[in-house]
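1. sharing a sequence plus its predicted fold:
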Amino acid sequence: CSSGAGGASGDSGSGPIKIGFSQVGAESGWRTANTKSLKEALASDNGFKLTFSDAQQKQENQISAIRSFITQGVDAIVFAPVVETGWDDVLKEAKDAEIPVILEDRSVDSDPSLYTSRVGDDFEKEGETAGKWVADNFAGKSANLVVLEGTTGSAAANDRTTGFNQAIKGTDVKVLDSQTGNFTRSEGKTVMEGFLQKYGKSINVLFAQNDDMGLGALDAIKAAGLTPGKDIQIVTIDGTKDGLTALADGQFNYVVECNPLLGDKVAEVVKAAVAGKKVDKLYLAKDEAFDQAAAEKALPTRPY
Ligand code: GYE
C-alpha cells in the first residue's frame, strides 16, 4: 500500500475523482437498477468524473475498457466482472499503475491482493435460500425440477448453483435438467420451451437464477397450456418490481432478493481508497426473501 496522501494516481484532493466503470451489460432489470444506482452515486455533484463503458456481456470488451482506463490515468477503476476467471493480467496492469480497483456486484477468482475491495451480494446464500424453499415446500411430495442458470462462468451463476445444490442435498428433489438462459428474458423463454418439449408435464418446479429468466419462462409455460405458480411452481432471485409483481399475482411462488443498489457504498469505498485509507476486502449488501403475501406488501414502495 502506498502511504502517499491522495493515492498514487490521484491529484491530491483537488478536482473531481476520475472513475472508469466497466459494467457487464444491460441484460436484466437488476442490471438496469444497478447501473442507475452507480451513475447516481458517482455523479459530478458528489465529486466524481465518471466514464461509463457497457461490455455487452463480453469479457474481452471489459479487458479493453480497463486497459483504456489505465492509459487515461483514472484515479480508480470500478468493474462488474462478467465471468469469474481470466482477470489476473489486467488486474496486475492496474496494480502496477497504482490504480485502485473496486469490484462491484460479481467477484473474480484472482488473488485478492490484485484488487482493493468488492461491494456486492452473497450469491451462495441466495441460492441456498432458494434451495431451502424448494426442499421445505416439496417435503413429502415429489419435486421434478428444472433450472435456468445465469451466464456461464459468472460468479452469480456459479455461487447460486453451489448454494442451491447444498440446500437440496439429501432431499428427494430431482433435478431433471439445468441449462443457461444467460440472465435474459428471451433466453429464459427459449430454454424453458425446450425443457417443456423434453419433459412435458412432469416438470412441477422451476428455479430461475434471476427474475428475468423466470418472466421469460412464464410465456413458455402458458403457451404449453400450463398455469405458472400452480402446475409449475417458480422460485427466482433478484426481487425487481417485475419479479415481485409476478409473485404478488400468483405466477411466481418465492423470490429471493439480490440488492442492486450498491452505488452509495461503492462511492464511499472509492473515496476512501483514493485517499489512501484502508478499506475492507468485502462489503456485502443485506438480502431478504419474499412469499406472495410479502411481495404484495413490499410492492408499493419497491425502489427498483
Ligand atoms: O442477479 C442478474 C443480473 O450479477 C447479481 O446479474 C447479478 C446478476 C443478477 O443479470 O439479474
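-> Yep, it's here.
2. bridging residues for the closest residue to residue 270 other than its chain neighbours?
-> In space, and not counting its chain neighbours, residue 270 is closest to residue 76: 4.9 Å by CB to CB, 6 or more residues apart in numbering. To be clear about C-beta, it is placed using only N, CA and C from the backbone, and glycine gets the same treatment. Beta-bridge pairing for residue 76 (DSSP bridges): residue 19.
3. quick one: residue 76 from residue 98, how far?
-> Distance from residue 76 to residue 98, counting by CB to CB, to the nearest Å: 11 Å.
4. so these two - more neighbours on which side?
-> Set side by side, residue 76 and residue 98 show more neighbours around residue 76, with 27 against 13, by other CB atoms under 10 Å.
5. now the more buried one: how far from the ligand?
-> Distance, residue 76 to the ligand, by CB to the nearest ligand atom, to the nearest Å: 21 Å.
6. surely that residue meets residue 99?
-> Yes. Look at residue 76 against residue 99 with CB atoms under 8 Å: they come within range, at 6.4 Å.
7. so what's the closest residue to residue 245 other than its chain neighbours up against?
-> Of all residues not flanking residue 245 in the chain, residue 299 sits nearest, at 6.6 Å (CB to CB, 6+ apart). Residue 299 makes contact with 241, 244, 245, 248, according to CB atoms under 8 Å, 6 or more residues apart in numbering.
8. the second one: which element?
-> Taking DSSP states H and E as the criterion, residue 244 maps to helix 241-248.
9. what does the stretch 201-304 of the chain have sitting close to the ligand?
-> 210, 212, 237, 238, 258 (CB under 6 Å from any ligand atom).
10. assign the third one to helix, strand or coil.
-> To tie it back to what came earlier, the one meant is residue 237. strand (DSSP: H, G, I helix; E, B strand; the rest coil).
11. could I get the contacting residues of it?
-> 126, 127, 130, 160, 208, 209, 210, 211, 255, 256, 257, 258.
12. go on, residue 84?
-> By CB under 8 Å, 6+ apart, the contact set of residue 84 is 106, 107, 108, 109, 153, 154, 155, 158.
13. from residue 145, how far out is the second one?
-> In this structure, residue 107 and residue 145 are separated by 26 Å, where distance is defined by CB to CB.
14. the more surrounded of those two?
-> residue 145 (23 against 20).
15. so what secondary structure elements neighbour the helix or strand that contains the more buried one?
-> Assigned by DSSP H and E, residue 145 falls within strand 144-149. On a contact count with 3 or more CB pairs under 8 Å, 6 or more residues apart in numbering; DSSP states H and E, strand 144-149 meets helix 155-168, strand 174-180, helix 185-199, strand 205-208, helix 211-223.
16. and the ones you listed as a markdown table, adding mean neighbour count and mean pLDDT?
-> As requested, the helices and strands packed on strand 144-149 are exported to a markdown table (neighbours: other CB atoms under 10 Å; pLDDT from 0 to 100):
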| stretch | mean neighbour count | mean pLDDT |
| --- | --- | --- |
| helix 155-168 | 22 | 98 |
| strand 174-180 | 16 | 98 |
| helix 185-199 | 19 | 98 |
| strand 205-208 | 28 | 99 |
| helix 211-223 | 24 | 98 |
